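Chemist: Would you be able to build a 3D model of this:
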Amino acid sequence: MNITFFNSSDGEQVEYDGQEVSAIAVAIVYAVMGLLGVLGNTLVLFVIIVVRDLHDVANVLIGNQSLIDLLTSLLLLASFVAPLPSIPTNNPILARFLCAFWHSKYPFWSLIVASSLNLTLMTLERYYAIVFPLHYHSRTKSTKLACLVALPWLSGFAYQQYLAWFSKVEQNQCHLFLFPNNASRTGLTFGATFLELILPIIVIIYVYTAISIKLKITMIEQFQDTKKSTGSQVTSSAPNANSRIRARRNVIKIMLIVSACFVICWLPNQIIYWLYVLGVNIDLTGLIYTLSVFIAFGNMWINPFIYSFQYRRFQKGLRQVFCQWKRKHQMKSNVSVNTVSSAV
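Modeler: Predicted coordinates for the structure are as follows:
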């Protein structure tokens, strides 16, 4: 049994033949990750859709991230666990489509880029909300929000087209990633790495540095204003202001944890692979590189756990959904008991 893996940057094909890393073990890990991603991200999407209090820009982007990760998890199961469809011999159009679209794992890697870019948007949204609060509206126009949500998807699928174009079918065999030369391969690989990792890291460092400075300045200004107006006494509006500050800090904390997990998950894989590209003797079928792939793919399912344990608004929405389901279940049980009692 062989398990085929493609590097996210340029789609380089690697065969796990069971000599270095057990192909069955790799498939099991992929299957567990895929199922965790499907279940966790489905729950996040359901809560955000049902709870109206979560229908603002920040949570729409979180929902968009969960939708991307949900589809990525499904494609992980379909592309890395399930066997790939064979190339037909009597239908050249279908053969070309299966080779370019499915065997190249074009949708999967496109969603990986989309996930990184959506995380970048989530980070920039927090920056805009904190640094420019007077110009920020938590509920923006639906058309603008739709364009914002669609941007990572369009960018990911647009850039990763080269995975499909540089493939062809010859003698009923799918040949993947036939780059014209090494320069084009290196350039496209760097471009994918830039979108997947370098750009988000740059934005994360800049944004959270600016946010921390802004919050410190705001706290000093609020303290001075309160001291001038009331002296040592606390006004009745102070608890509400403190509540808003705590809620804002909680959202920032969640975004920072999600960003940190993203960097931790993807950085080892990218470093090891680029060492290989630069000529370092690294076995892409070995245990170290395989573990880096597992860690990278873990980013698909880790976010729902972060929201469940750290995000107060999501916790509140989850309790609300659970309580509604519990009340409906109890009402149905009471109706059933009353019906039986009346019949008796």
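
Chemist: contacts, neighbours, all on C-alpha from now
Modeler: OK.

Chemist: Break down the stretch 101-250 of the chain into its helices, ranges please.
Modeler: Using DSSP state H, counting those that start in this stretch, the helices of the stretch 101-250 of the chain run over 106-131, 142-159, 162-165, 182-193, 199-230, 238-277.

Chemist: Counting by contacts, list what the second one packs against.
Modeler: Meaning helix 142-159. helix 57-76, helix 106-131 (3 or more C-alpha pairs under 8 Å, 6 or more residues apart in numbering; DSSP states H and E).

Chemist: Which positions within the longest one qualify as buried?
Modeler: This points to helix 106-131. Across helix 106-131, burial judged by 16 or more other C-alpha atoms under 10 Å covers 106-131.

Chemist: which residue packs closest to I282, ignoring adjacent ones?
Modeler: Once flanking residues are discounted, I282 sits nearest to Y276: 5.6 Å by C-alpha to C-alpha, 6 or more residues apart in numbering.

Chemist: re earlier: if we compare the helices and strands packed on helix 142-159, which one ends up closest to W153?
Modeler: helix 106-131 (5.1 Å; C-alpha to C-alpha).

Chemist: could you give the angle of that closest one to helix 57-76?
Modeler: 160 degrees (axes from the mean of the first three to the mean of the last three C-alpha atoms, to 10 degrees).

Chemist: Could you list every helix and strand that helix 106-131 packs against?
Modeler: Taking 3+ C-alpha pairs under 8 Å, 6+ apart as the contact cut, helix 106-131 packs with helix 57-76, helix 142-159, helix 199-230, helix 238-277.

Chemist: so that helix versus helix 182-193, what angle?
Modeler: Using the same axes, to 10 degrees, the inter-axis angle of helix 106-131 relative to helix 182-193 is 50 degrees.

Chemist: chain center to helix 106-131: distance?
Modeler: 8 Å (C-alpha atoms, centre = their mean, to the nearest Å).

Chemist: Next: stretch 260-267.
Modeler: The answer for stretch 260-267 is 11 Å, by C-alpha atoms, centre = their mean.

Chemist: Can we start the residue count at 48 from this point?
Modeler: Right, with 48 as the first residue, what we last looked at is stretch 307-314.

Chemist: Residue ranges in this structure under the pLDDT threshold?
Modeler: Residues of the chain meeting the criterion pLDDT under 70: 48-68, 184-188, 266, 268-292, 376-391.

Chemist: Same list (the helices of the stretch 148-297 of the chain) but as CSV, adding distance to N137.
Modeler: As requested, the helices of the stretch 148-297 of the chain are exported to CSV (distance: least, C-alpha to C-alpha, whole Å):
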stretch, distance to N137
helix 153-178, 24
helix 189-206, 29
helix 209-212, 21
helix 229-240, 32
helix 246-277, 44
helix 285-324, 38
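
Chemist: looking at those, which is closest to L141?
Modeler: Here helix 209-212 is closest among the helices of the stretch 148-297 of the chain (C-alpha to C-alpha), at 13.7 Å.

Chemist: So what touches that closest one?
Modeler: D57, G58, C146, A147, F148, S151, K152, Y153, L223, F224 (C-alpha atoms under 8 Å, 6 or more residues apart in numbering).

Chemist: L331 against T337, yeah?
Modeler: Yes. Using C-alpha atoms under 8 Å, L331 is in contact with T337, at 7.3 Å.

Chemist: closest to I267 out of the helices and strands packed on helix 189-206?
Modeler: Across these, closest to I267 is helix 153-178 (C-alpha to C-alpha), at 15.1 Å.

Chemist: angle of that closest one against helix 285-324?
Modeler: Going by the same axes, to 10 degrees, helix 153-178 makes 140 degrees with helix 285-324.

Chemist: okay, the angle between helix 153-178 and helix 189-206?
Modeler: Using the same axes, to 10 degrees: helix 153-178 against helix 189-206 is 140 degrees.

Chemist: and the gap between R293 and L262?
Modeler: In this view, R293 and L262 are 12 Å apart by C-alpha to C-alpha, to the nearest Å.

Chemist: Please apply the same query to L123.
Modeler: Separation of L123 from L262 (C-alpha to C-alpha): 40 Å.

Chemist: Among those two, which residue is more densely surrounded?
Modeler: L123 (22 against 15; other C-alpha atoms under 10 Å).

Chemist: who's in contact with that one?
Modeler: Y77, A78, G81, F155.

Chemist: thinking the second one is in contact with L122, fair?
Modeler: No. Taking C-alpha under 8 Å as the contact criterion, A78 and L122 are not neighbours in contact, 10.7 Å apart.

Chemist: Contacts made by stretch 154-174 with the rest, please.
Modeler: 55, 105, 108-109, 111-112, 115-116, 118-119, 122-123, 148, 196, 199-207, 239, 242-244, 246-247, 250-251, 254-255, 257-258, 299, 302, 306.

Chemist: The same query, at a cut-off of 6 Å, please.
Modeler: In this structure, residues lying in contact with stretch 154-174 by C-alpha atoms under 6 Å, 6 or more residues apart in numbering are T119, L122, P199, W200, G203, F204, Q207, E243, P247, V254.
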